[in-house]
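Asks: Below is the sequence, then the predicted model.
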Amino acid sequence: MELDKKETQSQQNMEHNSTGLRILWTELVRDKLALVSLIMLIVIVVFVYGISFVMDQDEIVKVDLFSIHEPPSKEFILGTDYGGRDVFGQLIIGTRNSLSIGFIVTFLSGVIGVIFGLVAGYFGGHIDNILMRVLDFFQVLPFIMLVIVFVSIVPNYTIVAFSLIFTAFSWMGIARLIRSKALQEKELDYVQASKTLGTSHFKIIFREVMPNISSLIIVTMTLNLASNIGLESGLSFLGFGFPESTPSLGTLLSYATNPQTLENRWWIWVPAAVMILVLMLAVRNVGEALRRATDARQRKG
Amino acid sequence: MWKFIVRRLVITFPQLILLSVLIFLLAQAMPGDALTGLVDPNIDPETIEEQREKLGLNKPWYEKYIDWVGGVVQGDFGQSFRYKMPVTDLIEERIVNTFWLSVTALIFTYIIAVPLGMISGRYNDTILDSSIAGYTYIGFATPLFIFALVLLWIFGFHFQWFPTGGSVAPGLEPGTLEYVMSRIQHLILPALSIAIIQTVSTVQYLRSEIVDTKQKDFVITARAKGASESRVYNRHILRNSLLPIAAFFGYEITMLITGTIFVEQIFSFPGMGQLFIESVLQRDFSVVNAVVLLFGAAAILGALLSDIILSMVDPRIRIK
Amino acid sequence: MSILEVTNLKIHFPIKTGLFNRTVNHIKAVDGVSFQIEQGKTYGLVGESGSGKSTIGRGVIGLEKITSGKVIFNGVDITSKNSNRKEIRKNLQMIFQDPYSSLNPRKRILDIIAEPLRNFEKLTKKEEIKRVEELLELVGLSKENMMKYPHQFSGGQRQRIGVARAIALKPKLIIADEPVSALDVSVQAQVLNFLQDIQKELGLTYLFISHDLGIVKHFCDEISIMYKGRYVEQGTIEEIFNNPQHIYTKRLISAIPDMNPSNRDKQFRLRKKVQQEFDQRYHDYFDSEGLAYGLKSVSETHLVALQEDVEKVW
């Protein structure tokens, strides 16, 4: 009886693991909202990166004092800002920059988090204990404040520096998730078997265990992408994101701290706000659909 | 349980020390030191050197660290270079404002979260539930600062129901009813913006908690014994689901800190968050350090408090 | 010559509580066990769940830390730090209980079986495929299966794949930890017979861990019965099944179901008698903590855990 149950259970596990990526895909396509979101995201990405190739970035950020604060017109589809710069152009470049930083930070923090979580979970014991205390400390710190402080004291402030600072304080969430999954996974016989076959810890961690939690990694990183886009725009909004010369969506929104702009010149900040919302919702929809796919109980249909 | 509490405390002290070391090292990396703000640049370098020696600025870093921690413990954070006043005095004014903003935000959070979560959990999979789910869906994805901007735009500028900045209308006498009312009025919009976004996770937690508890045997037993529906909910389900939520407030502190930084900036509300941003921009680093240390310590202690309360409420959470 | 010699093996797990995770006590999963296995023979370890039989196997192969005692494998003490781990690993392999979780679901059969080969032998791609083909053939699977994934196989087939992986390096000793208990009864016999076949073919030695006396009776040359981390009785198959000395062994043997319905009454009386002895003479067999006593020789190969002064009654 007991054994039977165990058997069917592990059978299910295994079926879902081995075809995990395909299930992720079918689930994504079946979920209409997620599918629409995905298509929209692809369109935005292609459009934004495509146009910014053609567009002259220097032209857009050049100050033109003869056409400041112009409302939308034929010449400027979304009007101009306080420096007479084309808002539409800035929106395109801002979206591109925000997306790029989102991808970079999600990737870097994902790599750090996955390695950290795998090592802590796989070895367990004292190593796990020490690593988790480090993680606790990082997680309790107010993220925004530390990033701002670091950003303000770094001497040569560049996009690379910003990504690294951002990454340094955003790898904890995924690390914790991966660790708890790795703790379960390392008890399974295939890991024990690899040990008896003389496979090194390094190989077991990255060649045996990691592929088995790949769907969790994909889901978490997708959801992280959404929150990283939001965090970056927030930091840029406060003035601690990208350097001045590289506008982001948050930069456009920061113009709205001027009450005149907030009240009367919607064309400067509303499109950026809408763009952030659309990006975050769309990425989230995709991520949630993927998560449902990995959790058989919540699967639709 | 005592064991858990003591062990949790044992973890907390290294965290606080680590935080202080981190901030101290950051301060060392920042340009300028305590003297930069105090002395006239025209004084000759020898005198400055003398002063430095006297103030202990030439000591090795660990002695400086001990001096600094000693000062902090006594409430001495040094001098603000911009305001030419002790950081402690500067913070005192602001911390009260931020404290009330946070408390109001927390109250709003619970006022919104508890009924919504209860309705959503009790009548799950109805239209009511899905509309609440719609709210949490949007709320989860909306960055706080965008939401605050929109609220300010609509209710501050367009309808002009609320003031658009500051913590109190100018010219009012402290202590009068008008003064208090004005302060409250200035608090509502910023606090609401934090609350409406922050509440989302609590609503979702409460909902799933109630949906889970509904199917537990003890609830079914209560029903079978003939307890009325409202009694089942009030006596059996809520008691089990609400306590953990009440204990979450310590964890919310980290979110509140983030919230106040954005919201104070948007509503030009003179609190710690605004002070922090201003000081960073003006490179007034003794103030920055003080704010980071206080907020960091608040977050660490908040997490400690929540862990302890939760361990009393729910024995399952007593990890290890 | 014995290939594996275990002397006074102890594996204790610490129980940690208190403020600073002090170790307050130990669970004595394996508490002073000694045995030897002759080359080419099959040695059975029998006991209920939690008796420590699997822990012995896992300790010998290095999955659990050995608290104290000596394990000499192939003439080398594997508990000493400077022994050649690599050589030991190569000659000591394991077959796992659960054929579902012991094969990584993300890997093809080729990669699963080739894993030990890749760790120990530098083969070219071609040689590797050839070796895997041979191994698959040896365990009765066709080479077309090489590119498939574990979920495309039945439990019995998967266990064969596990065996192929274990014998890939031509080991001297295989630890089989309940290799058939997760399989359907109809498949069990098939896999057991096959294990016996390759034993003859490759001259393997088995340490066979099982809770099923019926299987052990047919499969092993020598067996030992474990209870709460200690040996209760040890001997050849004939000695244990025909002349059990310890009450625990007697109870286990009397509980084996008999297929022949005409023996039903006989069985029933036997059980009753054993139960009676257990109730009356419990303390002759177990100490105040409910553990077995030290071992005493009955014959050259037959050992039983009895109190020193208790005389053999029947």
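Replies: Perfect, I can see it now.
Asks: which residues does residue 252 contact?
Replies: Went with chain A since none was named. Shown in contact with residue A:252 (C-beta atoms under 8 Å, 6 or more residues apart in numbering or on different chains): A:81, A:87, A:90, A:91, A:94, A:268, A:269, A:271, A:272. C-beta: built from backbone N, CA, C; applies to glycine.
Asks: wait, I meant chain B there
Replies: Counted by C-beta under 8 Å, 6+ apart, residue B:252 has contacts B:106, B:109, B:198, B:302.
Asks: Using the three-state scheme, assign it.
Replies: Using DSSP: H, G, I helix; E, B strand; the rest coil, the structure places residue B:252 in helix.
Asks: Next, the residue of the stretch 151-300 of chain C found nearest chain A: secondary structure please.
Replies: As assessed by C-beta to the nearest C-beta, chain A sits closest to residue C:151 within the stretch 151-300 of chain C, at 4.9 Å. Here residue C:151 is helix, with the state taken from three-state DSSP.
Asks: quick one on the thing from earlier: lowest pLDDT pick from the contacts of residue A:252?
Replies: Looking at these, model confidence by pLDDT dips furthest at residue A:81: 69.
Asks: where are the low-confidence patches of the chain?
Replies: Just going to use chain A. By pLDDT under 70, the weakly predicted segments of chain A are A:1-21, A:56-70, A:73-84, A:244, A:295-301.
Asks: looking at chain C here, not the other one
Replies: Residue ranges of chain C with pLDDT under 70: C:1, C:17-22, C:81-84, C:308-314.
Asks: Repeat that for chain B.
Replies: Within chain B, the stretches with pLDDT under 70 are B:1, B:31-45, B:48-49, B:51-58, B:314-320.
Asks: For it, just list every one of the helices.
Replies: Using DSSP state H, the helices of chain B run over residues B:2-29, B:45-55, B:61-73, B:87-122, B:127-141, B:144-151, B:177-214, B:217-224, B:229-231, B:238-247, B:249-266, B:272-281, B:285-313.
Asks: now the stretch 51-200 of chain A
Replies: A:57-61, A:87-123, A:125-140, A:143-153, A:159-168, A:172-185, A:189-196 (DSSP state H, counting those that start in this stretch).
Asks: The stretch 151-300 of chain C now?
Replies: Applying DSSP H, counting those that start in this stretch to the stretch 151-300 of chain C gives helices spanning C:155-167, C:185-202, C:213-219, C:237-242, C:247-254, C:264-285.
Asks: what's residue C:177 in contact with, if anything?
Replies: Contacts for residue C:177 (C-beta under 8 Å, 6+ apart) come out as C:54, C:57, C:58, C:94, C:95, C:96, C:97, C:209.
Asks: so what's the last one up against?
Replies: Residues in contact with residue C:209, defined by C-beta under 8 Å, 6+ apart, are C:44, C:45, C:53, C:54, C:56, C:57, C:175, C:176, C:177, C:178.
Asks: tell me the SS of the second one?
Replies: Read it as residue C:45. State at residue C:45, reduced to three classes by three-state DSSP: strand.
Asks: okay but it is in contact with residue C:212, surely?
Replies: No - using C-beta atoms under 8 Å as the test, residue C:45 is too far from residue C:212 to be in contact (11.8 Å).
Asks: Around chain A, pick out the residues from the stretch 201-320 of chain B.
Replies: Within the stretch 201-320 of chain B, the positions lying close to chain A (C-beta under 8 Å from any C-beta of the partner chain) are B:254, B:257-258, B:261-262, B:265-266, B:276-277, B:280-281, B:283, B:288, B:291-292, B:295-296, B:299-300, B:303.
Asks: Is there a quick PyMOL command that grabs whichever of those are buried?
Replies: A single PyMOL command selects the buried members of these (16 or more other C-beta atoms under 10 Å in any protein chain shown):
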select buried, chain B and resi 254+257+258+261+262+265+266+276+277+280+283+288+291+292+295+296+299+300+303
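Asks: three-state assignment of the closest residue to residue C:26 other than its chain neighbours?
Replies: Nearest non-adjacent residue to residue C:26, counting by C-beta to C-beta, 6 or more residues apart in numbering or on different chains: residue C:12, 3.9 Å away. In three-state terms, and counting by three-state DSSP, residue C:12 is strand.
Asks: is residue C:12 in a bridge, and if so with what?
Replies: Residues in a beta bridge with residue C:12, per DSSP bridges, are residue C:28.
Asks: Which residues of chain A lie near chain B?
Replies: A:133, A:136-137, A:140-146, A:148-150, A:152-153, A:226, A:230-231, A:233-234, A:237-240, A:253, A:256-257, A:259, A:262-263, A:269, A:273, A:276-277, A:280-281, A:284.
Asks: Please, a ChimeraX command that selects the buried ones among those residues?
Replies: The ChimeraX selection below is limited to those of the residues of chain A next to chain B classed as buried (16+ other C-beta under 10 Å):
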select /A:136,137,140,141,142,143,144,145,146,148,149,150,152,153,226,230,231,233,234,237,238,239,240,253,256,257,262,269,273,276,277,280,281,284
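Asks: State the number of residues packed around the closest residue to chain C within the stretch 101-250 of chain B.
Replies: Chain C sits closest to residue B:250 of the stretch 101-250 of chain B, with a gap of 22.4 Å, by C-beta to the nearest C-beta. Number of residues near residue B:250 (other C-beta atoms under 10 Å in any protein chain shown) recorded here: 20.
Asks: So it sits against residue B:256, correct?
Replies: No - counting by C-beta under 8 Å, residue B:250 sits too far from residue B:256 to count as a contact (10.4 Å).
Asks: picking up where we left off before, would you reformat the helices of the stretch 51-200 of chain A as JSON lines and include distance to residue C:188?
Replies: Shown next, in JSON lines, are the helices of the stretch 51-200 of chain A (distance: least, C-beta to C-beta, whole Å):
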{"stretch": "helix A:57-61", "distance to residue C:188": "71"}
{"stretch": "helix A:87-123", "distance to residue C:188": "33"}
{"stretch": "helix A:125-140", "distance to residue C:188": "37"}
{"stretch": "helix A:143-153", "distance to residue C:188": "57"}
{"stretch": "helix A:159-168", "distance to residue C:188": "53"}
{"stretch": "helix A:172-185", "distance to residue C:188": "28"}
{"stretch": "helix A:189-196", "distance to residue C:188": "18"}
